[in-house]
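Asks: Take this sequence and fold it.
(2 chains)
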There are 2 protein chains.
Amino acid sequence: MTEKLVLHEYSASGNCYKVRLTAALLGLALERREYDILKGETRTPTFLAEVNPNGRIPVLQIGHRFIPESNAACFYLADGSNLIPEARFDRADMLRWMFFEQYNHEPNIATMRFWLAYVGEERLTEAQRAQMPSKRAAGEAALKLMDEHLADRRFFVGDSLSLADIALYAYTHVAEEGGFALSDFANVREWMERVAQLPGHVAMES
Amino acid sequence: MTEKLVLHEYSASGNCYKVRLTAALLGLALERREYDILKGETRTPTFLAEVNPNGRIPVLQIGHRFIPESNAACFYLADGSNLIPEARFDRADMLRWMFFEQYNHEPNIATMRFWLAYVGEERLTEAQRAQMPSKRAAGEAALKLMDEHLADRRFFVGDSLSLADIALYAYTHVAEEGGFALSDFANVREWMERVAQLPGHVAMES
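Replies: Predicted coordinates:
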C-alpha cells in the first residue's frame, strides 16, 4: 500500500472503529481526522463536496480518492489478506454477515446506543421515541440470531477471523450502552472475548 | 458452476430481482421457489431452520448451502466475472454503493413501495405511518445523490456495468410505486434506460 491512508471519522462511532480495527489487525498505518457529528461537521459544504456527498463517516481516503461506507472501507484494506476468505462460498458468506450487520444490526443496536448514550433520551424527537420499541426488538433478534449461529462456531465464517467478525464486533461489544443486555447471549460473549484477544487488537477508544 | 442454483424468493421483491437479473446477465440458470411473504411463508419453523434463520428472502441455494442477503447472493454469482471490477479501488467502490443501497436506499424506497403498493396505506400501523415522512425524505435524498453521481458517468463504478448498478436499479426503476417521482432525476432515468437495454436484461416480473 503505497498511497497514504486517511480515516475521516468520529472516534466514538463503531462504524469508524471497524476500519481502525481492520487496519490494526493488518498492521497498516492510518492517519486520523476527527469530525464532531453532533455539531454537523460531516454536513458542511466542504465535506459534502470533497469527502462524502452522503454526509457520513467513516470515509477512507486513499491518496486523493475516497471510499465511504464502513464495510466497503474495511474490504479495501483487507483485499488480498486472510481477513477475506479465499473460497468463493465463504467470501460471499462473509458479505452476507456484513450486509446483515448494516441492515438488521446497526440500524437498531447502533442507533439505540447513539440515541441513549450520545443524544440523550430527553432530547429525542417524538418520532424517534416511537421507534424505540421496534428497534429494541429488532436489535435483540439480531443478537439472538448471532448467538445461535455461534453455538458451534468460533468465528462467523469458516474457521477463522474475517471481516464479518470485525463488522459485527464493533457495535455488539458496546451494545449495553444502547440498553441491550448481553447476559443471555453466552456464545456472543465468548466470541467477543476471542476477538478481543487477537494479536494486534485495539480497543474502541484508542 | 456445477452445483444446482436455487433462488428462494418472492418474485415482486426487488431484492430477489437483483439475483435474477445478475444470473440472467451472466447466463446462469436459476431454479425458482416462491414464498408469499404477506402470508408469513418465510417465517415458518421449516424455513427458519433450513433456509434462513433471519426469515427473509432472497436466499441463494448452492447445492446444499445457502447465502441470504441479496447483495451477497449477487456477489457469489458474479465472483470472477466482469460484473465485479478487477481494480482494488473499484471493487471496494462497488461495495460502497451496494452498502449505500442497503442502508440509505432500500429501507426507504423499497419499504415505501411495500407499504403503499403491497400492504396498503390503510393497513399500516400508526408507527409505520409516523415513519413515512422521514422515509420519503431519505429516499429522495438517496435518489438525488445518485443523480448527482451519474451527472458525468454512464455507470456507478468505473466505465462499465457492475453489481452496484444492478443493486441500485432493482428498486429505483419501481420507485414510483412507492410514491417517488423520478421526473426530477434525468441522469437516473438515462442510466435506467442503459441498464434496461443491456443484452440479457430481464424485466422484474419474469
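
Asks: near chain B, which residues of chain A?
Replies: Proximity of chain A to chain B, by Cβ under 8 Å from any Cβ of the partner chain, involves residues A:53-54, A:62, A:65, A:67-73, A:75-76, A:79-80, A:88-89, A:91-93, A:95-96, A:98-100, A:102-104, A:106-107, A:127, A:130-131, A:134, A:145, A:148-149. The way it works is simple: take the backbone N, C-alpha and C, and place the C-beta from them, glycine included.

Asks: Residues contacting stretch A:3-10, please?
Replies: A:16, A:19-20, A:23, A:28-37, A:42, A:51-52, A:57-63, A:73, A:77 (Cβ atoms under 8 Å, 6 or more residues apart in numbering or on different chains).

Asks: ChimeraX command to pick out the buried ones of the residues you listed?
Replies: Those of the contacts of stretch A:3-10 that count as buried under 16 or more other Cβ atoms under 10 Å in any protein chain shown are selected in ChimeraX with:
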select /A:16,19,20,23,30,35,37,42,51,52,57,58,59,60,61,62,73,77
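
Asks: Among the contacts of stretch A:3-10, which ones are in strands?
Replies: A:31, A:32, A:33, A:34, A:59, A:60, A:61, A:62 (DSSP state E).

Asks: The residue lying closest to the first one once chain neighbours are set aside in helix, strand or coil?
Replies: Spelled out, that is residue A:31. Nearest residue to residue A:31, sequence neighbours excluded (Cβ to Cβ, 6 or more residues apart in numbering or on different chains): residue A:6, at 4.6 Å. Assigned with DSSP: H, G, I helix; E, B strand; the rest coil, residue A:6 falls in the strand class.

Asks: how is chain A carved up into domains?
Replies: A:5-78, A:88-196 (automatic domain parsing).

Asks: Just give the number of residues close to the nearest residue to residue A:37 once chain neighbours are set aside.
Replies: Of all residues not flanking residue A:37 in the chain, residue A:10 sits nearest, at 4.8 Å (Cβ to Cβ, 6+ apart). Neighbours of residue A:10 under the rule other Cβ atoms under 10 Å in any protein chain shown: 18.

Asks: how far away is residue A:10 from residue A:205?
Replies: Relative to residue A:205, residue A:10 is positioned 12 Å away (Cβ to Cβ, to the nearest Å).

Asks: Kindly report the same for residue A:174.
Replies: Residue A:174 is 10 Å from residue A:205, where distance means Cβ to Cβ.

Asks: which of the residues of chain A next to chain B count as buried?
Replies: Buried, going by 16+ other Cβ under 10 Å: A:53-54, A:62, A:67-73, A:75-76, A:89, A:91-93, A:95-96, A:98-100, A:102-104, A:106-107, A:131, A:145, A:149, out of the residues of chain A next to chain B.

Asks: Okay, and which of these map to strands?
Replies: Taking DSSP E, the ones among those that sit in strands are A:62, A:67, A:68.

Asks: from what I can see residue A:180 touches residue A:140, true?
Replies: Yes: assessed by Cβ atoms under 8 Å, residue A:180 is found in contact with residue A:140 at 6.6 Å.

Asks: Quick check: longest helix in chain A by residues?
Replies: helix A:126-149 (DSSP state H).

Asks: can you state the direction angle for the helix or strand following that helix and helix A:126-149?
Replies: Following helix A:126-149 in sequence order, the next helix or strand is helix A:163-172 (DSSP states H and E). For helix A:163-172 against helix A:126-149, the angle by axes from the mean of the first three to the mean of the last three Cα atoms, to 10 degrees is 130 degrees.

Asks: which parts of the helix or strand following helix A:163-172 are buried?
Replies: Using DSSP H and E, the next helix or strand after helix A:163-172 towards the C-terminus is helix A:186-196. Neighbour-count burial for helix A:186-196 flags A:188, A:191, A:192, A:195 (criterion: 16+ other Cβ under 10 Å).

Asks: cool, and stretch A:114-132?
Replies: A:114, A:115, A:131, A:132.

Asks: Could you check how far residue A:96 is from residue A:163?
Replies: According to Cβ to Cβ, residue A:96 stands 12 Å off from residue A:163.

Asks: List the contacts of residue A:91.
Replies: Residues counted as contacts of residue A:91 (Cβ under 8 Å, 6+ apart) are A:84, A:85, B:75, B:76, B:79.

Asks: The third one against residue A:90, yeah?
Replies: No: counting by Cβ under 8 Å, residue B:75 does not reach residue A:90; the two are 11.7 Å apart.

Asks: State whether residue A:12 is indeed within a strand.
Replies: No: under three-state DSSP, residue A:12 falls outside any strand and is assigned coil.

Asks: If you tally nearby residues, what's the number for it?
Replies: Around residue A:12 there are 19 residues (other Cβ under 10 Å).

Asks: Ramachandran angles for it?
Replies: phi -80, psi -10 (degrees, to the nearest 10).

Asks: Distance-wise, check it relative to chain B.
Replies: To chain B, residue A:12 is 19 Å away according to Cβ to the nearest Cβ, to the nearest Å.

Asks: unless I'm mixing things up, that residue is touching residue A:110, no?
Replies: No: between residue A:12 and residue A:110 there is no contact under Cβ under 8 Å: 10.8 Å.
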